[in-house]
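Enquirer: Quick one, structure for this:
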Amino acid sequence: MKLSGDDIKRLIPQREPFIMVDEIEATDGIHAVSTLTVRSERTATTGDAWLEKNYFMLPDGTMSETGLIEHIAQSCSALMGCQALDQQLTNPPVGLIGEVKRFECQRRPQAGEKVCTT
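Expert: Numbering: from 1, shown residues only. Presented below is the predicted three-dimensional model:
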């Protein structure tokens, strides 16, 4: 099963600009493969000011570690949403991250790169 766009929005509670899952490439009901293409988009505000649409982007053009953790959390939420749909539940469960232990980021992804979480 491949899901994207509005299908993802049915699975997770986040909305733009905080959606950090572009696609569920595969799921077997227990595991899932999710992807995110890292985007750095800016929009003009008043005067010469700009607002970064991806709040997790750093000035060096990479996504912060907190953005990676958010992608992982939303990937888990999307899998739980898939499981709820398989059980014909109308509302997927909503959870939150209580604690992160031993997260080690080897390299932050740059804008344009595709992050894959399994």
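Enquirer: pretty sure residue 92 contacts residue 80?
Expert: Yes. At 6.1 Å, residue 92 counts as touching residue 80 under the criterion of CB atoms under 8 Å. Placement of C-beta: from N, CA and C, glycine included.
Enquirer: so what's in contact with those two at the same time?
Expert: Counting by CB atoms under 8 Å, 6 or more residues apart in numbering, the common neighbours of residue 92 and residue 80 are residue 11.
Enquirer: quick one: which of those two has more around it?
Expert: residue 92 (20 against 17; other CB atoms under 10 Å).
Enquirer: per-residue confidence at the more buried one?
Expert: The predicted local confidence for residue 92 comes out at a pLDDT of 77.
Enquirer: lowest-pLDDT helix or strand in the protein?
Expert: The helix or strand of the chain with the poorest confidence is strand 50-52; it has a mean of 51 (mean pLDDT, DSSP states H and E).
Enquirer: Contact partners for the most centrally placed residue in the chain?
Expert: Centroid check for the chain by CA atoms, centre = their mean gives residue 20 as the closest residue, at 2.1 Å. Residues touching residue 20, when contacts are defined by CB under 8 Å, 6+ apart, comprise 14, 36, 56, 67, 70, 71, 74.
Enquirer: Next up, phi/psi of the fourth one, please.
Expert: Residue 67 adopts backbone torsions of phi -70, psi -40, taken as degrees, to the nearest 10.
Enquirer: and it, how many neighbours?
Expert: Residues near residue 67, counting by other CB under 10 Å: 21.
Enquirer: mind checking pLDDT for it?
Expert: For residue 67, the model assigns a pLDDT of 94.
Enquirer: give the contact list for the closest residue to it other than its chain neighbours.
Expert: Excluding the flanking residues, the one nearest residue 67 by CB to CB, 6 or more residues apart in numbering is residue 56, at 2.8 Å. For residue 56, the contact set (CB under 8 Å, 6+ apart) comprises 20, 63, 64, 66, 67, 70.
Enquirer: Thank you, goodbye.
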